[in-house]
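In: no sequence for this one, just the structure:
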């Protein structure tokens, strides 16, 4: 683990501070970019746990002028992004300090674009590389994650919800990457069992999907090693901290696994599970949507990703039976049973069959994601292929998927 931590410390796109007590560096981190900061938080948990008071005290010590902007919701909306950008401009702030989960960090990234560029609408920047056409870097950002899941503190992604259309929209751009990330496992100690589980499953899908994606391997030669190291940490740590939230070693290893997941996705793209999660943002958490679909997409990927699926199965502790698709899928499902997580879509209370049609329709409009899967889905076959995979996930059956 020491080698992995050393590699993290040398990560270049974002300066990373990892380990217990690193939150004490927050004042100095902000001061490297400005003497002011808009502190963006979620819906109040960092206030009740005392994290916010600790951070504002450190900002005071560093003589940083600040204002609190709170209320970022899960799956942050465009309206929230505009509200944050308003406070940035109205208060003449030149640095963002995002303290919270992936939603807080994603919303801050997006708001930093509008406040820096001061041109156009948020919709202009969804897609790949649209921000870089206007500026080399969005507003300076220091990210302080309080959950272990999204990895947003080191990714070039921002996911924002369009409440009118009921879908998530994605930005992919190096211009929105955080300048610095302070990843202190102590800040995750107070996470509830549900937040711990859902965010942990989010990190798991980042690691698995990034590892299975071979398209961008050459961009970062060490990425697959980091993915396997992260999975080794996660498959051991997540059940531990779900059972015992006070397990500090488990919390540390989970925070490191999540961070590794973020670095894995820096150059790589996630595939089918992430694609479908965008359509179900109103009925389940992103981590839930990705995780429940992963065993079934894994079965679809098996003809072209057998060796990599086999390695993941071995980390899970399963021997090779000769049927790599079932080994991987059943291994993950057994892992979910250990965690008390649903194995099928139909087990989610608010999931209805019409959401299958929505996901199929939405996916057919995302050619980039279809092509980025380890086993690409041709656009002309997307409807039949995706419906088969999602129907399999709804019923908990692999047979039809394996025939594709």
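Out: It's in. Nothing here was measured: the structure is a model prediction, and the numbers come from that model.
In: What residue spans form the domains of the protein?
Out: Structural domains assigned to the chain are 2-187, 191-402, following automatic domain parsing.
In: As JSON lines, these with mean neighbour count would be great.
Out: The way it works is simple: take the backbone N, C-alpha and C, and place the C-beta from them, glycine included. Formatted as JSON lines, the entries for the domains of the chain read as follows, by neighbours: other C-beta atoms under 10 Å:
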{"stretch": "domain 2-187", "mean neighbour count": "20"}
{"stretch": "domain 191-402", "mean neighbour count": "20"}
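In: Make JSON lines out of the ones you listed and add mean pLDDT.
Out: JSON lines is the format used below for the domains of the chain (pLDDT from 0 to 100):
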{"stretch": "domain 2-187", "mean pLDDT": "95"}
{"stretch": "domain 191-402", "mean pLDDT": "93"}
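In: Centre-most residue in this structure?
Out: Geometric centre of the chain, nearest residue: residue 150, 2.7 Å, by C-alpha atoms, centre = their mean.
In: Quick check, that residue in contact with residue 265.
Out: No - under the criterion of C-beta atoms under 8 Å, residue 150 is not in contact with residue 265, lying 9.8 Å apart.
In: Quick check: residue 88 is in a helix.
Out: Yes - counting by DSSP: H, G, I helix; E, B strand; the rest coil, residue 88 falls inside a helix.
In: so who does it touch?
Out: Counting by C-beta atoms under 8 Å, 6 or more residues apart in numbering, residue 88 makes contact with 38, 96, 111-112, 115, 139.
In: Go again with 6 Å.
Out: By C-beta atoms under 6 Å, 6 or more residues apart in numbering, the residues touching residue 88 are 38, 115.
In: From residue 126, how far out is it?
Out: From residue 88 across to residue 126, the span is 20 Å (C-beta to C-beta, to the nearest Å).
In: With residue 229 instead?
Out: Computed as C-beta to C-beta, the residue 229 to residue 126 distance reads 32 Å.
In: And for residue 356?
Out: 25 Å.
In: Same question for residue 288.
Out: Distance, residue 288 to residue 126, by C-beta to C-beta: 24 Å.
In: Kindly report the same for residue 37.
Out: According to C-beta to C-beta, residue 37 stands 26 Å off from residue 126.
In: so who does residue 219 touch?
Out: Residue 219 makes contact with residue 267 under the criterion C-beta under 6 Å, 6+ apart.
In: got the phi/psi numbers for it?
Out: Phi and psi for residue 219, reported as degrees, to the nearest 10, are phi -70, psi -30.
In: now do residue 19
Out: The phi/psi pair for residue 19 (degrees, to the nearest 10) reads phi 130, psi 160.
In: Quick check: it vs residue 384, distance?
Out: With distances defined as C-beta to C-beta, the gap from residue 19 to residue 384 amounts to 49 Å.
In: which helix of this protein spans the most residues?
Out: helix 286-316 (DSSP state H).
In: Show me what that helix is packed up against.
Out: In terms of contact count using 3 or more C-beta pairs under 6 Å, 6 or more residues apart in numbering; DSSP states H and E, helix 286-316 is assigned the packing partners helix 193-212, helix 223-243, helix 272-277, helix 324-339, helix 382-395, helix 399-402.
In: contacting residues around the second one?
Out: Just to be clear, that refers to helix 223-243. Residues from elsewhere that reach helix 223-243 (C-beta under 6 Å, 6+ apart): 4, 196-197, 200, 204, 207, 210-211, 247, 250-251, 253-254, 256-257, 260-261, 263-264, 315-316, 338-339.
In: and what of the fifth one?
Out: When contacts are taken as C-beta under 6 Å, 6+ apart, the neighbours of helix 382-395 outside the stretch itself are 293, 296, 300, 345-346, 356, 359-360, 363-364, 370, 377, 400-401, 404.
In: so who does residue 102 touch?
Out: The contact partners of residue 102, taken as C-beta under 6 Å, 6+ apart, are 150, 152.
In: same deal with the one 4 residues further on?
Out: Residue 106 is in contact with 152, 158-159, counting by C-beta under 6 Å, 6+ apart.
In: can you redo these as TSV with secondary structure and distance to residue 26?
Out: Supplementary listing: these in TSV, determined by DSSP: H, G, I helix; E, B strand; the rest coil; distance: C-beta to C-beta, whole Å:
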residue	secondary structure	distance to residue 26
152	coil	17
158	strand	21
159	strand	25
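In: In JSON lines, list those along with distance to residue 328.
Out: Formatted as JSON lines, the contacts of residue 106 follow (distance: C-beta to C-beta, whole Å):
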{"residue": "152", "distance to residue 328": "27"}
{"residue": "158", "distance to residue 328": "30"}
{"residue": "159", "distance to residue 328": "26"}
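In: where exactly do the strands run in the stretch 1-150 of the chain?
Out: 15-18, 36-40, 65-69, 95-100, 127-128, 140-145 (DSSP state E, counting those that start in this stretch).
In: how about TSV for the ones you listed, with distance to residue 333 added?
Out: TSV is the format used below for those (distance: least, C-beta to C-beta, whole Å):
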stretch	distance to residue 333
strand 15-18	32
strand 36-40	37
strand 65-69	41
strand 95-100	31
strand 127-128	34
strand 140-145	28
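In: That'll do, ta.
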